[in-house]
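Trainee: after the sequence you'll find the predicted model.
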Amino acid sequence: MSVMKEFREFAVKGNVIDLAVGVIIGAAFGKIVDSLVADIIMPIVGLIFGKLDFSNLYVVLGTVPAGVANNLADLKKAGVAVLAYGNFITIAVNFIILAFIIFLMVKQVNKLRKTEEAAPAVAAPPEDIALLREIRDSLKRP
């Protein structure tokens, strides 16, 4: 039963619970960023480059069998080798935005930590006073 006791202690530690909360919030935040990229940013990028739907940008690497429609979903179902670079572009933009937002968040947290650590600092006495106190304390008889 000691394994169960150790597991219980591990599971209820603050770090594990904080990690679980972080994962849940991160998943929800990821959905927000996915929506931002898919619904707001990529349509604007698509408008600039003339293609509104990047997910259908692909290059066929093999021959298309007769009777298969020339769209990405049907080509993949037919087993045709397809280089689907449009979906990669969307996911790369998603990653860049998510990484930038996390960078900004970490930067703010670090700034808050620095101000908290700097606040309790007490000015040390000048060196000559510290030396005089040391001499005084060494001359005192017990």
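Mentor: That came through fine. Predicted, not measured: the structure shown is a model, and the values here were computed from it. Numbers count the residues shown, from 1 in each chain.

Trainee: residue ranges with poor pLDDT in the chain?
Mentor: Judged by pLDDT under 70, the chain has its weakly predicted residues at 1, 14, 51-53, 116-122, 141-142.

Trainee: helices of that one, start to end?
Mentor: Counting by DSSP state H, the segments of the chain that form helices are 2-11, 14-35, 42-49, 72-77, 85-118, 127-139.

Trainee: residue 55 is nearest to which of those?
Mentor: Each of those was checked against residue 55 via CB to CB, and the shortest separation belongs to helix 85-118, namely 5.2 Å. Backbone N, C-alpha and C define where each C-beta goes, glycine included.

Trainee: between that closest one and helix 42-49, what angle do the directions make?
Mentor: Using axes from the mean of the first three to the mean of the last three CA atoms, to 10 degrees, the inter-axis angle of helix 85-118 relative to helix 42-49 is 120 degrees.

Trainee: now helix 85-118: buried residues?
Mentor: Within helix 85-118, the residues that qualify as buried by neighbour count (16 or more other CB atoms under 10 Å) are 86, 89-90, 93-94, 98.

Trainee: re earlier: can you put the helices of the chain in JSON lines and add distance to residue 55?
Mentor: As requested, the helices of the chain are arranged in JSON lines below (distance: least, CB to CB, whole Å):
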{"stretch": "helix 2-11", "distance to residue 55": "41"}
{"stretch": "helix 14-35", "distance to residue 55": "13"}
{"stretch": "helix 42-49", "distance to residue 55": "9"}
{"stretch": "helix 72-77", "distance to residue 55": "7"}
{"stretch": "helix 85-118", "distance to residue 55": "5"}
{"stretch": "helix 127-139", "distance to residue 55": "68"}
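
Trainee: quick one: which of the buried residues of helix 85-118 is nearest to residue 20?
Mentor: residue 98 (20.0 Å).

Trainee: my guess is the closest one meets residue 36, correct?
Mentor: No - taking CB atoms under 8 Å as the contact criterion, residue 98 and residue 36 are not neighbours in contact, 9.4 Å apart.
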